[in-house]
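**Student:** how does the following fold in three dimensions:
(2 chains)
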There are 2 protein chains.
Amino acid sequence: MIDFSTHPDRYRHWKLDVDGEVATLSMDVSEESGLKPDYKLKLNSYDLGVDIELYDAVQRLRFEYPNVRAVIVTSAKDRVFCSGANITMLGTSSHGEKVNFCKFTNETRNGIEDATANSGQTYMCAINGTAAGGGYELALATDHIMLIDDGSSAVSLPEVPLLAVLPGTGGLTRIVDKRYVRRDHSDYFCTLTEGIKGKRAVEWKLVDEIVSKSALREKSLERARQFAENSDRPSDATGVALVPLNRTITDDAVTYDHVSVQLDRDQRVARINVAAPMVAPPTDIAAIHAQGAAFWPLAMARELDDAILHLRTNEAELGTWVFTTSGDADLVDAGDRALLDNAGDWLVRETTLFMKRVFKRIDVTSRSLITLIEPGSCFAGSLFELVLVADRSFMLDGVFEGDNRPPATLRAGDINFGPMPMCNDLTRLETRFLNDADAVTAVRASTGRDLDAQAADDLGLVTFIPDDIDWEDEVRLAIEERASFSPDSLTGMEASLRFAGPETLETKIFGRLSAWQNWIFQRPNAVGDEGALKRFGTGLKASFDVKRV
Amino acid sequence: MIDFSTHPDRYRHWKLDVDGEVATLSMDVSEESGLKPDYKLKLNSYDLGVDIELYDAVQRLRFEYPNVRAVIVTSAKDRVFCSGANITMLGTSSHGEKVNFCKFTNETRNGIEDATANSGQTYMCAINGTAAGGGYELALATDHIMLIDDGSSAVSLPEVPLLAVLPGTGGLTRIVDKRYVRRDHSDYFCTLTEGIKGKRAVEWKLVDEIVSKSALREKSLERARQFAENSDRPSDATGVALVPLNRTITDDAVTYDHVSVQLDRDQRVARINVAAPMVAPPTDIAAIHAQGAAFWPLAMARELDDAILHLRTNEAELGTWVFTTSGDADLVDAGDRALLDNAGDWLVRETTLFMKRVFKRIDVTSRSLITLIEPGSCFAGSLFELVLVADRSFMLDGVFEGDNRPPATLRAGDINFGPMPMCNDLTRLETRFLNDADAVTAVRASTGRDLDAQAADDLGLVTFIPDDIDWEDEVRLAIEERASFSPDSLTGMEASLRFAGPETLETKIFGRLSAWQNWIFQRPNAVGDEGALKRFGTGLKASFDVKRV
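**Tutor:** The predicted structure follows:
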């Protein structure tokens, strides 16, 4: 089992140093500490384990270090910044492992950009040696790239010439769509094993500046302080410790305080329930800070995040996720209200941004998503996003026989109209009603009102509203049918239907770049016995089928 | 060899009837006339041969029928409109054949949308029976879909449940991004083998209206006449016959009047030369019409189009296309001038739109594109697009020893600043200088001026400007190096770098949907011995690896 929880005390690959408003995150990969024994993580190359630590560090910097306003990403090794994903690891991984690894890596890098854009924590990169492939892609996720000018250190994306795969964790997209490197320069650059260094790297916009080796630390601190000046993070706040989650994993369940997952292996379904707070979350800033990691919106988001990562990585055969909720909608509403009313507070902002990222993770998950809205549920505000995130939803019209709870309702809240955009930068409601602003307006007008099945259906918020006679059969059939389809065609279909509307860096990375990379990860020219990924390091040249398709 | 040239007299699968301003294009596929003998084209299913005829008909409607303002696409068969791509054909095709087939089909459908949007020739669809998969996708390419309400005729995209592949020729993209079908409705619809009919098809926006079987012809003519009213096509013009191209194919060359292709099989390169007109093209409308298909811009575009399709389909191992031009830039300029000065004329408009579509075909071609700018070339205006279309360009700085021709020059023209957008809706210059409007302005200011290598380089228009000493080695190395890389990784890289900037229906179809489909076309769940595509029709159920990746 891959575990996504860790702590700086246990890091084997990264060092986190905080000095006032500037943090330095130094990559210092332990060769012997790969997740599997098949490879050594030489030259600061990485596997999923390295990236799990990076994700942890990025999260902690946001929550535990409110005073940090700029983060310098660099390497603790001499002459090498990072040589990218470990190639032997890629060569020995299954298709699913490679794809999942790339997705998580992409999400972490998008999270770095989110910190820079929205948290007042600007990431920059001090490249103190070779930055190859995924190493340079990591740099590309920061907003300022410094490269030492020592006559040899270069940035490169050598995947195509060396490995017959793509710089697939954002590299190709970010050079042309974020850094605006000219297409022909990009084309040339991506075919160079040795990369580009010095002045040309700046002229071609591959890096922002070059500095001498001896001046790198000083200059990068100087830049970091400049970025820090524009930050609105507090200078005297106390961080919130991200204490370990209270998680229990058994054969057929994963249980946290607010989130529980039933693993239904016969039906190949994970049933994910999110429970409302048991008591009203605090409404004032001091009380929210006092709760810290126990503040329901933060606690729930952390648990859901961990559950998603666990299921994605460790439960590949559970192809459908069924979301339910339970508890008091008013208390969910109260949690949302706490976020919205205190939006100016750094911790509240971080919590809201985190919740946004967790829902985005669901959007790009290659599982069929079905949400069931039944009596006893609490799909209000932030949890209403679990309806909108679904490929399909069912809402019971009425009650079950013998159940004396009132019929299920949905309730839109202000939080559904801005703070939780998808990676296409639209809210889920805007995406759902693309080109139909009136429909969004109608939902907005219903804010705070409990909508029964008929009202929710009239507003276009749910897919089907069976009554208690049809409910069981309809839901069962939908789930069984889903399990009978080819998982691959479902993945392609869902990825195509979920992101209507405008495209962004993120949709391009998840929708386009990843799809091409996944294709290449299946092609004999890369993964066949004579393919480049298999033959790398053996001394044998790869043998290619030269036909273009 | 697949030949893309045909003529209505030779159609085996379509009937083209023109009655004044309304044309009817009826699909009537001949079961026995597939391109290969392995399958029968039952139930109006299609293969590449059927689509070649459709492409021919769409082109002829534009050029040969200036009076046609609306086109009704329907079927001549009873109870079936079109059952999509032939599945046995797909099951027995190589990966490359499948991918190429889908690309061409996509281009033809985009061409239908281009006619509706820009030529005053509105396509609509009268669905008189089952419209399944590619059949419904064809309907989606028209701007108005009528479906008969006979209790059984439905539209469907059953690829996922039946075949474990995607509705990959635009279907998934067009339902959510063109017709704005809600995502959950789309999800449900795409899992139904039987599709959706009647009122629900209208309510869910899958079709625009339902009509009784007996009223279909009359109602569709009525609608067609309504669309015709808004057209600006002439009512009394004479069409231009698209006479057969003067083409010679040998083992190592394909030669037309203005375009010639050398097939360098050792280097795996196709060298494509486009020659300027020999005499100045006419400048007034009457003379342009008198030349008809011999008018250089139209003749050149037709030849280039045919050469592209030929090379793509029949020469898969020639992985790099090298573009050159020869002749007098002033005469190219004169041709462009004829187009720009007479832009209001229907034939000129069609010619310009066609040229646009031909360059777009190059953009989405999975070949490495290199353009060489040497003395004797004529990269002006429309042919300057051949520089901008390239992944990389080389311009000789100076002259070759012993060559008394003047140094090569480039010349931007007004035609480069609007009429030839890429499928991202930006010009190639805007895409090249994304986020740098000043750079585009600087090129615009140079319009009409001959730019030598240094000037072209200063403006960012070419990649490298070697002198005669370095030229041969640099170009040779670039071509050899390209041939040494994995063709698949080049395809993924080029597709990722060529379309920076905004996304459109077309970039989503070529960049995202196609990439997912290509991936699925490699997956054992679809194409393995127990995959759905292989087992379809055998009576055996497909067997899936249920792991999600």
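**Student:** need the CA coordinates for the helix or strand encompassing A:L311. PDB is fine.
**Tutor:** Using DSSP states H and E, A:L311 sits in helix A:296-314. This file holds the C-alpha atoms of helix A:296-314, laid out as PDB (Å, rounded to 0.1, in the frame of the first residue of the first chain):
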ATOM      1  CA  TRP A 296     -14.500  20.800  10.200                       C
ATOM      2  CA  PRO A 297     -14.000  22.300   6.700                       C
ATOM      3  CA  LEU A 298     -10.200  21.700   7.000                       C
ATOM      4  CA  ALA A 299     -10.500  18.300   8.700                       C
ATOM      5  CA  MET A 300     -13.100  17.100   6.200                       C
ATOM      6  CA  ALA A 301     -11.000  18.300   3.200                       C
ATOM      7  CA  ARG A 302      -7.900  16.600   4.500                       C
ATOM      8  CA  GLU A 303      -9.700  13.300   5.000                       C
ATOM      9  CA  LEU A 304     -11.300  13.400   1.600                       C
ATOM     10  CA  ASP A 305      -8.000  14.300   0.000                       C
ATOM     11  CA  ASP A 306      -6.300  11.300   1.600                       C
ATOM     12  CA  ALA A 307      -9.200   9.000   0.800                       C
ATOM     13  CA  ILE A 308      -9.100  10.100  -2.900                       C
ATOM     14  CA  LEU A 309      -5.300   9.500  -3.100                       C
ATOM     15  CA  HIS A 310      -5.600   6.200  -1.300                       C
ATOM     16  CA  LEU A 311      -8.400   4.900  -3.600                       C
ATOM     17  CA  ARG A 312      -6.800   6.100  -6.800                       C
ATOM     18  CA  THR A 313      -3.500   4.500  -6.000                       C
ATOM     19  CA  ASN A 314      -4.300   1.400  -4.000                       C
END
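**Student:** which helices and strands does that helix pack with?
**Tutor:** Helices and strands touching helix A:296-314, by 3 or more CB pairs under 8 Å, 6 or more residues apart in numbering or on different chains; DSSP states H and E, are helix A:95-118, strand A:253-255, strand A:259-264, strand A:269-275, helix A:329-341, helix A:346-363. Where you see a C-beta, it was placed from the backbone N, CA and C, and this is true even at glycine.
**Student:** how about the strands in the stretch 151-300 of chain A?
**Tutor:** Here the stretch 151-300 of chain A has its strands, by DSSP state E, counting those that start in this stretch, at A:154-156, A:196-197, A:209-211, A:248-249, A:253-255, A:259-264, A:269-275.
**Student:** do the first one and chain B come into contact?
**Tutor:** No: for strand A:154-156 and chain B, the contact criterion (CB under 8 Å from any CB of the partner chain) is not met; the two come no nearer than 13.8 Å.
**Student:** buried ones in the helix or strand just after the helix holding A:L311?
**Tutor:** Counting by DSSP H and E, the element after helix A:296-314 in chain order, helix or strand, is strand A:320-326. Judged by neighbour count (16 or more other CB atoms under 10 Å in any protein chain shown), strand A:320-326 contains these buried residues: A:T320, A:W321, A:V322, A:F323, A:T324, A:T325.
**Student:** CSV please, covering those residues and showing distance to chain B.
**Tutor:** Putting the buried residues of strand A:320-326 into CSV (distance: CB to the nearest CB, whole Å) gives the following:
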residue, distance to chain B
A:T320, 9
A:W321, 10
A:V322, 14
A:F323, 14
A:T324, 17
A:T325, 18
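**Student:** tabulate these (TSV), appending distance to B:G135 and pLDDT.
**Tutor:** TSV is the format used below for those (distance: CB to CB, whole Å; pLDDT from 0 to 100):
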residue	distance to B:G135	pLDDT
A:T320	29	98
A:W321	33	98
A:V322	34	98
A:F323	35	98
A:T324	39	98
A:T325	41	98
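**Student:** between those, which is nearest B:L172?
**Tutor:** When the buried residues of strand A:320-326 are compared for distance to B:L172 (CB to CB), A:T320 wins out at 19.5 Å.
**Student:** surely A:G84 is in contact with A:Y46?
**Tutor:** Yes: using CB atoms under 8 Å, A:G84 is in contact with A:Y46, at 7.4 Å.
**Student:** ok, those two, which is more surrounded?
**Tutor:** Neighbour totals were compared for A:G84 and A:Y46, and A:G84 leads with 28 against 25 (other CB atoms under 10 Å in any protein chain shown).
**Student:** okay, the strands of the stretch 151-300 of chain A, which one's buried deepest?
**Tutor:** strand A:154-156 (a mean of 25; mean count of other CB atoms under 10 Å in any protein chain shown).
**Student:** mind listing what it pairs with, with the direction of each?
**Tutor:** If you go by DSSP bridges, strand A:154-156 pairs up with strand A:129-132 (parallel), strand A:196-197 (antiparallel).
**Student:** now do the shared contacts for A:G84 and A:Y46.
**Tutor:** In terms of CB atoms under 8 Å, 6 or more residues apart in numbering or on different chains, A:G84 and A:Y46 are both contacted by the residues A:G134.
**Student:** tell me the buried residues in stretch A:539-549?
**Tutor:** Neighbour-count burial for stretch A:539-549 [16+ other CB under 10 Å]: A:A542, A:F544, A:D545, A:V546, A:K547, A:R548, A:V549.
**Student:** and the residue positioned nearest the centre of chain A, how far from A:I87?
**Tutor:** The residue lying closest to the centre of chain A (CA atoms, centre = their mean) is A:E107, at 3.2 Å. For A:E107, the distance to A:I87 equals 22 Å [CB to CB, to the nearest Å].
**Student:** same question, A:D414
**Tutor:** 48 Å.
**Student:** for A:A437, same thing?
**Tutor:** Taking CB to CB, one finds A:A437 at 49 Å from A:I87.
**Student:** who has more neighbours, these two?
**Tutor:** Counted by other CB under 10 Å, A:A437 and A:I87 do not tie: A:I87 has more neighbours, with 21 against 10.
**Student:** got the contact list for the more buried one?
**Tutor:** Going by CB under 8 Å, 6+ apart, the list of residues near A:I87 reads A:S45, A:L163, A:L533, A:F536, A:G537.
**Student:** which pLDDT value belongs to A:A215?
**Tutor:** We note a pLDDT of 98 for A:A215 in this prediction.
**Student:** hang on, I meant A:G511
**Tutor:** 88.
**Student:** now swap in A:G168 and tell me
**Tutor:** pLDDT, read off for A:G168, is 87.
**Student:** in this structure it contacts A:S514, no?
**Tutor:** Yes: with contact defined as CB under 8 Å, A:G168 counts as touching A:S514 (6.7 Å).
**Student:** now do the helix holding A:L311, average pLDDT.
**Tutor:** Helix A:296-314 comes out at a mean pLDDT of 98.
**Student:** and if you look at stretch A:433-440?
**Tutor:** Averaged across stretch A:433-440, pLDDT comes to 96.
**Student:** can you tell me what sits against it?
**Tutor:** A:417, A:426-427, A:429-430, A:432, A:459-460, A:500-501, B:176-177, B:180, B:182.
**Student:** distance to B:I479, secondary structure and neighbour count added to those, as a markdown table?
**Tutor:** Listed next are these as a markdown table, based on distance: CB to CB, whole Å; DSSP: H, G, I helix; E, B strand; the rest coil; neighbours: other CB atoms under 10 Å in any protein chain shown:
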| residue | distance to B:I479 | secondary structure | neighbour count |
| --- | --- | --- | --- |
| A:F417 | 55 | helix | 15 |
| A:L426 | 44 | coil | 19 |
| A:T427 | 49 | coil | 20 |
| A:L429 | 52 | helix | 21 |
| A:E430 | 48 | helix | 22 |
| A:R432 | 49 | helix | 21 |
| A:L459 | 60 | coil | 19 |
| A:G460 | 55 | coil | 18 |
| A:A500 | 41 | coil | 25 |
| A:G501 | 41 | coil | 18 |
| B:V176 | 41 | helix | 24 |
| B:D177 | 38 | helix | 22 |
| B:Y180 | 46 | coil | 17 |
| B:R182 | 49 | coil | 23 |
